[in-house]
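*Asks:* I'll drop the sequence and a predicted model, then ask my questions.
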Amino acid sequence: MELILTRDNPAPEGGYAASIRAADGLSLRVARWHPPGISVGTVVICTGRAEFIEKYFETAAELLRRRLTVVVFDWRGQGLSARELDNSRKGHIDDFTLYERDLDALVLQVLEPFCPKPWFALGHSMGGAVLIAQARGGASPFERIVTTAPLVGIYGLRWPQGAKFLAESLDLVGLGGAFIPGGGETSILTKPFRDNPLTSDPGRYARNADVVAAASHLGLGDPTIGWVNAAFRLMEKFEDPEYPRRTLTPILVIAAGADRVVDTGATERFATRLKAGRLIVIPYARHEILMERDAIREQFWAAFDAFIPGTREELKALVTAQDVIEKAGVRS
C-alpha cells in the first residue's frame, strides 16, 4: 500500500503503510510510525471528511518528536480506502456507525499487535464526531480524545430543520447515493486559495493541493445526500443536553473561532456540558486548525501537551493554555 510523497510534503522516516479489512470486507489504508527509543503511548489520527493520510505527515512528525507512536488511516470512502459507491469521487456513507467498524478493525489489526498503550485519539471534524459517538456508546478504546473543530453542527444553515427534512426525504426515495444538490466531483483542494474556508495559511493549503494534483484519485468531491442525512442524524443526538453529560471518556475539544464549515456555537454548547471534557476556542482559526498558520498551531500544541498523556496538573495547565490563547489574539 503506497503513500503519496511530494517535494514539500515528505513523510516522516521509518513509516509502515498497509491495508487492513473491516468486518464487512472493505479495505482500509493505514500508516504507522514509531518514535526512536521508548514510546510513551500511541496517538491515532482520525481525519475529517474528504481528507487523507498525507495531509497529516507534518502532524505525525510533531507527535513523533513527543515520543508518541502515530497511526493515521483513511476512513472507508476516502483517501486510498475502498469506496461505498462505484463513483470514487462521492463521499458516501449510509450511517456513521459504519465508521466505528473501521475503528474496530484498526484496534484488532494495528493497535493491539503493534502499538504501545496508553492509546489516545486526535480527531478532526467528522473524525472527532465519530470518536465522540463511540465514546458515548461506552466502546472507546482510547484513554483520552482530542478533537479539533468536531462536526457537532453545520455552519450557516438558515433553515436547519428544512435541510434535515429534505435530506431525509431524498434519501428515503432512493437518492441517497446522489451528490447533494449543487454538488459535484471537484475537490475543494483544486480551487484557488482565496476565500477558502479551511485555512489562512497559503503554504499549507498549496502543499495539500499539490498532493491532490500528484494523485488525483485522493481527491473527493462533495458529500452525497446519504452522507448528509447520516450526519444530521448524529448531530441531532449531539443536541440532547444529556448526551455529553453521559460521555465519560476525557475529551479536549478545540474549536476554531473563525470556522465556516462547522458551527462553533454548537460545539461550545456541546463541549461545556461534557462531564469529563474541556473546551478551548482558538480565535481567528479557520476550520482546519492543524493546517493553520504557525502562531495558531502553536496554541493548539500548547493545549494538546497539557492534555496528552495527562497529569494531575492537567486542569491548571489547560487553564494556563487558554489564558495564553486569549492573550495571543492572533489575527488573520
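*Replies:* Everything's here; your move.
*Asks:* Next, the buried residues of stretch 138-149.
*Replies:* By neighbour count on 16 or more other CB atoms under 10 Å, the buried set for stretch 138-149 is S140, P141, F142, E143, R144, I145, V146, T147, T148, A149. Placement of C-beta: from N, CA and C, glycine included.
*Asks:* center of this structure - which residue?
*Replies:* Centroid-nearest residue in the chain, with CA atoms, centre = their mean: H124, separated by 2.1 Å.
*Asks:* Could I get the buried residue list for the helix or strand hosting E168?
*Replies:* Assigning secondary structure by DSSP states H and E places E168 in helix 160-170. Neighbour counts over helix 160-170 (16+ other CB under 10 Å) mark P160, K164, L166, A167, E168, L170 as buried.
*Asks:* Nearest to D104 among the buried residues of stretch 138-149?
*Replies:* P141 (8.8 Å; CB to CB).
*Asks:* residues in contact with that closest one?
*Replies:* When contacts are counted by CB atoms under 8 Å, 6 or more residues apart in numbering, P141 touches L103, V107, L111, W119.
*Asks:* Pick the one among these closest to G174.
*Replies:* Nearest to G174 among these, with distances taken as CB to CB, is L103, at 29.2 Å.
*Asks:* circling back: run through the bridge partners of the residue nearest to the centre of the chain.
*Replies:* For H124, the beta-bridge partners under DSSP bridges are T148.
*Asks:* quick one: it and L151 touch, right?
*Replies:* No. Counting by CB atoms under 8 Å, H124 sits too far from L151 to count as a contact (9.2 Å).
*Asks:* Between these two, which contacts overlap?
*Replies:* When contacts are counted by CB under 8 Å, 6+ apart, the set common to H124 and L151 consists of G48.
*Asks:* I'd say D24 and D102 touch.
*Replies:* No. The pair D24 and D102 does not pass the contact test of CB under 8 Å, sitting 9.9 Å apart.
*Asks:* Grab the nearest non-local neighbour of G127.
*Replies:* C46 (3.2 Å; CB to CB, 6 or more residues apart in numbering).
*Asks:* separation between the one you found and A22?
*Replies:* According to CB to CB, to the nearest Å, C46 and A22 sit 15 Å apart.
*Asks:* ok, now S125?
*Replies:* S125 is 21 Å from A22, by CB to CB.
*Asks:* ok, these two, which is more surrounded?
*Replies:* Legend: neighbour count by other CB atoms under 10 Å for S125 and A22, higher for S125 (26 against 22).
*Asks:* Tell me how far that one lies from P150.
*Replies:* Distance of S125 to P150, computed by CB to CB: 7 Å.
*Asks:* what's the overlap in contacts for these two?
*Replies:* Common contact partners of S125 and P150 (CB under 8 Å, 6+ apart): V262.
*Asks:* quick one: K164 and E236 touch, right?
*Replies:* Yes. Counting by CB under 8 Å, K164 does reach E236; the two are 7.5 Å apart.
*Asks:* out of D24 and D102, which sits in the busier spot?
*Replies:* Each of D24 and D102 has its neighbours counted (other CB under 10 Å); D102 has more, 24 against 11.
*Asks:* the strands in the stretch 151-300 of the chain, which residues?
*Replies:* Listed in chain order, the strands of the stretch 151-300 of the chain (DSSP state E, counting those that start in this stretch) span 251-256, 277-282.
*Asks:* and the last one, what does it pack onto?
*Replies:* The one in question is strand 277-282. Where contact means 3 or more CB pairs under 8 Å, 6 or more residues apart in numbering; DSSP states H and E, strand 277-282 is packed against strand 251-256, helix 264-271, helix 294-307, helix 314-328.
*Asks:* Show me what that strand pairs with in its sheet, parallel or antiparallel.
*Replies:* Neighbouring strands of strand 277-282 in its sheet, by DSSP bridges, are strand 251-256 (parallel).
*Asks:* average pLDDT across the partner strand?
*Replies:* For strand 251-256, mean pLDDT is 98.
*Asks:* Check stretch 298-313 too.
*Replies:* Average pLDDT, stretch 298-313: 86.
*Asks:* That stretch: how far from the chain's middle?
*Replies:* 18 Å (CA atoms, centre = their mean, to the nearest Å).
*Asks:* List the buried residues of that stretch.
*Replies:* Q299, F300, A302, A303, F304, A306, F307, I308, P309, G310.
*Asks:* Now do the contacts for the residue lying closest to A213 once chain neighbours are set aside.
*Replies:* The spatially closest residue to A213, leaving aside those adjacent along the chain, is T190, at 7.7 Å (CB to CB, 6+ apart). Contact partners of T190, counting by CB under 8 Å, 6+ apart, are A209, V212, A213, G219.
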